[in-house]
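J.: Sequence first, predicted coordinates after that:
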Amino acid sequence: MPPARRTAFAEGVDRLRAAATTEPGRLRIIGAVLALLVVAFGAATAWQTSARSAAADDVLHRSQPLSSGAAGIYRSLADANTAASSGFLAGGQENAPARDRYEKDVRTAATGLVTAAANARPGSAAEATIARLNRLLPEYKGLIERARTYNRQGYPVGGAYLRYANEKMQKEMLPAAEDLYTTENRRLDADYGDATPYPWVAIGLGLLALAALGWAQHRVYRRTNRVLNHGLAAATAATTVALLWLVVGHAVARSGLDGSYEHGVRSLNVLHDARIASLKARGNENLSLVARGAETITVDGETYDAYHHDFDQDMAVLGKGLTEAAALADDQGGSAPVEAAQGNMAVWKQRHAAARTEDENGNYQQALDKVIGAKGATGECFDSVDRNLARAIDHEQAEFRQAAGDGRDAMTGLPVGVAVLAVLGAAAGVAGIGRRLSEYR
């Protein structure tokens with residue numbers, strides 16, 4: 001019976017073992033391993049830095065703008081609700097600015113929902129939330145129009161429609177908008193998580209390649225007493241430059257992205273929350289006069305006007321948010337508008353207390369004048385708070401774009417550049433080993 005034919009793999013192992021017993025064979029194995037390590041380093045660097053660069057670009061151009069857009073949807077809806085209640089308080093003499101503000105807010109919210117829908121993942125929770133808001137917005141607008149129609153005709157039922165619209169906004173629409181904002185913030189955090197980790201696989205392979213190149217040069221020196229092998233020296237230089245570029249470039253990118261989060265995203269989140277709290281406070285202040293005590297709430301056995309109670313809660317959130325925003329601001333451009341808003345809020349609370357006193361004493365018209373009057377009303381304070389918070393948000397948005405842009409730019413050209421250096425380094429290493437092999441011919 002003829003002996004079984006050996007497999008190609010077994011024969012290859014035997015040839016490799018035989019080659020390893022001769023110096024030329026060892027040199028060929030060393031050259032192949034060096035080339036493989038350097039090329040693997042370049043490939044891992046291109047893979048990991050490309051992924052991080054793409055995530056950094058998403059932070060700058062996709063997830064953070066979408067997060068701010070979701071906050072803008074929330075703000076527009078809350079501001080529309082506030083503008084509607086302000087116009088209602090004016091009765092049949094609703095002024096054009098209040099009406100225009102309401103209409104603008106509704107259009108802004110609708111446009112924001114279109115943008116969010118275009119960027120939502122099919123079948124995601126965000127897509128369902130957007131669809132729900134698109135369904136609720138026309139219903140809310142219909143209730144507001146009925147409230148206005150009855151209010152112009154002097155029918156008290158107009159107030160009931162306005163309170164119903166407010167309830168729909170507070171209990172259905174704003175929570176849905178908050179869910180969308182939370183979802184987009186999670187996407188932003190995920191993109192930061194993909195962009196900032198160190199590429200340890202690439203760094204480890206780079207260090208391993210340098211160690212192997214150093215060992216190979218030391219081996220050549222011991223066997224030939226030649227201090228320098230030009231090919232191996234060039235391979236070492238190319239790998240060193242690539243590794244330094246990788247480490248320094250990613251460190252700079254990470255620093256920029258971390259700075260954009262600490263001095264941009266965190267401040268923006270706090271400022272958005274504070275601005276929303278001010279809008280909700282203004283809406284509850286208006287609705288307190290619309291309801292005239294018809295809505296109450298019991299807390300710890302005490303009965304309060306529901307809207308006035310919510311106003312106090314919203315102002316507490318606003319005050320806390322402004323304090324936190326002031327602490328996060330890292331320059332005068334960020335702190336000045338926040339400090340101005342704090343001053344506006346203090347005056348607002350004083351004027352609100354005076355209006356509340358008039359209302360409790362039965363002086364409804366005087367209370368109304370102190371809330372929506374042309375001069376010295378709480379509306380002036382609210383507008384100033386909102387305007388200063390908008391300034392602070394614009395400043396922090398610019399800081400975010402600058403820092404995130406610097407972080408992303410630090411990785412520009414890194415994947416391709418390191419890959420090219422790795423190919424050149426591998427070729428130089430093989431050439432250096434080839435020069436040594438030529439001595440055996």
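T.: Good, I have the coordinates.
J.: Just name whatever secondary elements the longest helix seen in the chain is in contact with.
T.: Looking across the chain with DSSP state H, the single longest helix is helix 23-58. Contact here means 3 or more Cβ pairs under 8 Å, 6 or more residues apart in numbering; DSSP states H and E; on that basis helix 23-58 packs against helix 8-19, helix 174-195, helix 200-224, helix 230-260, helix 378-409, helix 414-438. (Glycine included, C-beta is placed from N, CA and C.)
J.: Buried ones in that helix, by neighbour count?
T.: 25, 27-28, 30-31, 34-35, 37-46, 48-49, 52-58 (16 or more other Cβ atoms under 10 Å).
J.: for stretch 154-161, same thing?
T.: Gly158, Gly159, Ala160, Tyr161.
J.: next one: stretch 351-368
T.: The neighbour-count check on stretch 351-368 (16+ other Cβ under 10 Å) flags Arg351, His352, Ala354, Ala355, Arg356, Glu358, Asp359, Gln366, Ala367, Leu368 as buried.
J.: Work out for me the element the fifth one sits within.
T.: Assignment of secondary structure by DSSP states H and E places Arg356 within helix 332-360.
J.: List the ones among the buried residues of stretch 154-161 that fall in strands.
T.: When the buried residues of stretch 154-161 are checked against strands (DSSP state E), there are no matches.
J.: Of these, just say which sits nearest to Asp258.
T.: Proximity of those to Asp258 (Cβ to Cβ) peaks at Tyr161, which lies at 49.7 Å.
J.: So the closest one sits against Ala147, correct?
T.: Yes. Tyr161 lies in contact with Ala147 (Cβ atoms under 8 Å); the separation is 3.7 Å.
J.: contacting residues around stretch 139-150?
T.: Stretch 139-150 is contacted from outside by 84, 87-88, 94, 102, 106, 157-159, 161-162, 164-165, 168-169, 173, using Cβ atoms under 8 Å, 6 or more residues apart in numbering.
J.: who wins for neighbours among the residues you listed?
T.: Of all these, the most densely surrounded is Ala84 (31 neighbours; neighbours counted as other Cβ atoms under 10 Å).
J.: List the residues that contact that one.
T.: Neighbouring residues of Ala84 by Cβ under 8 Å, 6+ apart: Tyr102, Ile144, Ala147, Leu162, Ala165.
J.: again, 10 Å this time
T.: Residues counted as contacts of Ala84 (Cβ atoms under 10 Å, 6 or more residues apart in numbering) are 94, 98-99, 101-102, 105-106, 140-141, 143-145, 147-148, 162, 165-166, 169, 283, 286-287.
J.: before we move on, what about Met169?
T.: Counting by Cβ under 10 Å, 6+ apart, the residues that Met169 touches are 77-78, 80-82, 84, 136-137, 140, 143-144, 175, 177, 280, 283.
J.: mind running it again at 7 Å?
T.: Leu77, Asn81, Tyr140 (Cβ atoms under 7 Å, 6 or more residues apart in numbering).
J.: How about His250?
T.: Counted by Cβ under 7 Å, 6+ apart, His250 has contacts Tyr198, Pro199, Met411.
J.: Name the nearest of the buried residues of stretch 154-161 relative to Arg223.
T.: Of all the buried residues of stretch 154-161, Arg223 sits closest to Tyr161, with 94.7 Å by Cβ to Cβ.
J.: quick one on the thing from earlier: now, the contacts of Ala84 that are in helices?
T.: Per DSSP H, these map to helices at 98-99, 101-102, 105-106, 140-141, 143-145, 147-148, 162, 165-166, 283, 286-287.
J.: Buried ones only from those residues, please, as a ChimeraX command.
T.: Buried subset of the ones in helices among the contacts of Ala84, written as a ChimeraX selection, criterion 16+ other Cβ under 10 Å:
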select :98,99,101,102,105,106,140,141,143,144,147,148,162,165,166,283,286,287
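J.: Of the contacts of Met169, which one scores lowest on pLDDT?
T.: Within these, pLDDT reaches its minimum at Asn81, with 86.
J.: coming back round to it: any idea of the angle the longest helix of the chain forms with helix 174-195?
T.: Here helix 23-58 runs at an angle of 160 degrees relative to helix 174-195 (axes from the mean of the first three to the mean of the last three Cα atoms, to 10 degrees).
J.: Just after helix 23-58, pick out the following helix or strand.
T.: The helix or strand immediately downstream of helix 23-58 is helix 64-89, counting by DSSP H and E.
J.: thinking again about what came up before, next, format the contacts of Met169 as TSV and append distance to Ala404.
T.: Shown next, in TSV, are the contacts of Met169 (distance: Cβ to Cβ, whole Å):
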residue	distance to Ala404
Leu77	27
Asn81	33
Tyr140	35
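J.: out of the residues you listed, who's nearest Ala242?
T.: Checking the contacts of Met169 against Ala242 with Cβ to Cβ, the nearest one is Leu77 at 51.2 Å.
J.: I figured the closest one was touching Ala110, is that so?
T.: No. Using Cβ atoms under 7 Å, Leu77 is not in contact with Ala110; the gap is 10.2 Å.
J.: So which of these two has more stuff around it?
T.: Using other Cβ under 10 Å as the criterion, Leu77 and Ala110 rank with Leu77 on top: 27 against 16.
J.: can you pull the contacts of the more buried one?
T.: Residues in contact with Leu77, defined by Cβ under 7 Å, 6+ apart, are Ala109, Met169, Met173, Leu174, Ala177.
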